[in-house]
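J.: Predicted coordinates and the sequence they were generated for:
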Amino acid sequence: MPEKSIIELKILDTEFNLKATENEDHILDVANYVKTELERVKTANPFTNHIRIAILGCMNITEKLLKAEAELENAEEQKIQEIGEINSVKEELKDAHDLIEAEKVKYATLEEEKQALDKEMAEKEELLTQYREHLRQSKADSEASRKTILDLQNQLFESQIELVKVNKNSIEKDAFKNIEEKIKFD
């Protein structure tokens with residue numbers, strides 16, 4: 001059991017002893033507050049008796065207490081409201097965080113798709129380059145073939161001309177031979 005101590009107090013010219021089981025400094029602070037309040041009431045009402053001063057002082061202290069309790073209650077209600085608002089903001093932040101995480105997943109998926117498309121694009125570019133090279137080679141081959149065909153056509157044409165000349169000479173020789181033979185037979 002805590003040790004009790006005796007505190008001597010004097011309020012409104014009245015001395016008395018108080019047994020204290022708690023912090024003596026706290027009890028002295030309370031006693032000084034009451035003494036100060038009662039002295040203020042006595043100063044404002046110098047011809048009033050001690051009982052009336054004590055009652056008015058108690059009423060003043062009680063008014064301050066009730067006002068402080070009302071302020072405390074308002075502060076607690078405001079605190080509860082602010083906690084509700086904080087919880088609401090936390091919920092919004094959680095929703096925003098969830099949305100950000102979902103967007104991160106979408107972004108990662110899009111990034112993977114982009115990389116796949118970039119790879120496919122690079123492959124298509126390589127294929128296009130190969131096709132262009134093949135087309136260029138085919139054009140070169142085609143041009144060479146065209147020149148070869150033109151050369152062959154020219155050679156064929158020249159050969160046909162030679163053949164016609166040879167045939168003409170041969171026909172003329174045959175005609176001369178036939179004429180000679182006819183002349184010989186005649």
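T.: Cool, the structure landed.

J.: now whichever helix in the chain runs longest, how far from the chain's geometric center?
T.: Scanning the chain for the helix with the most residues, using DSSP state H, yields helix 50-185. Remark: helix 50-185 is offset 22 Å from the chain centroid, using Cα atoms, centre = their mean, to the nearest Å.

J.: packing partners for it?
T.: For helix 50-185, the contact count by 3 or more Cβ pairs under 8 Å, 6 or more residues apart in numbering; DSSP states H and E identifies helix 24-44 as packing neighbours. Yep, even glycine has a C-beta here, placed from its N, CA and C like the rest.

J.: tell me the centre residue of this protein?
T.: In the chain, the residue lying closest to the centroid (Cα atoms, centre = their mean) is Ile100, at 5.5 Å.

J.: Can you name the residues that contact that residue?
T.: By Cβ atoms under 8 Å, 6 or more residues apart in numbering, Ile100 lies in contact with nothing.

J.: go with 10 Å
T.: Tyr107 (Cβ atoms under 10 Å, 6 or more residues apart in numbering).

J.: Let's verify Lys19: helix, strand, or coil?
T.: Using DSSP: H, G, I helix; E, B strand; the rest coil, the three-state assignment for Lys19 comes out as strand.

J.: What is the burial count for it?
T.: By other Cβ atoms under 10 Å, 9 other residues sit near Lys19.

J.: Disregarding residues adjacent in the polypeptide, which is nearest to it?
T.: Among residues not flanking Lys19 along the chain, Lys4 sits closest, at 5.0 Å (Cβ to Cβ, 6 or more residues apart in numbering).

J.: Let me know how buried the one you found is, in neighbour terms.
T.: 9.

J.: And it, how far from Ala20?
T.: Going from Lys4 to Ala20 by Cβ to Cβ, to the nearest Å gives 7 Å.

J.: same check, this time on Val89
T.: Distance, Val89 to Ala20, by Cβ to Cβ: 47 Å.

J.: In terms of packing, which of those two has more residues around it?
T.: Applying other Cβ under 10 Å to Val89 and Ala20 shows that Ala20 carries more neighbours, namely 17 against 10.

J.: mind listing what the more buried one touches?
T.: Contact analysis of Ala20 by Cβ under 10 Å, 6+ apart lists Pro2, Glu3, Lys4, Ser5, Ile6, Ile7, His26, Ile27, Leu28.

J.: what's the answer for Leu65, then?
T.: Cys58.

J.: gap between it and Glu71?
T.: 11 Å.

J.: what bits of this structure have low per-residue confidence?
T.: Along the chain, the model assigns pLDDT under 70 to residues 1-2, 185-186.
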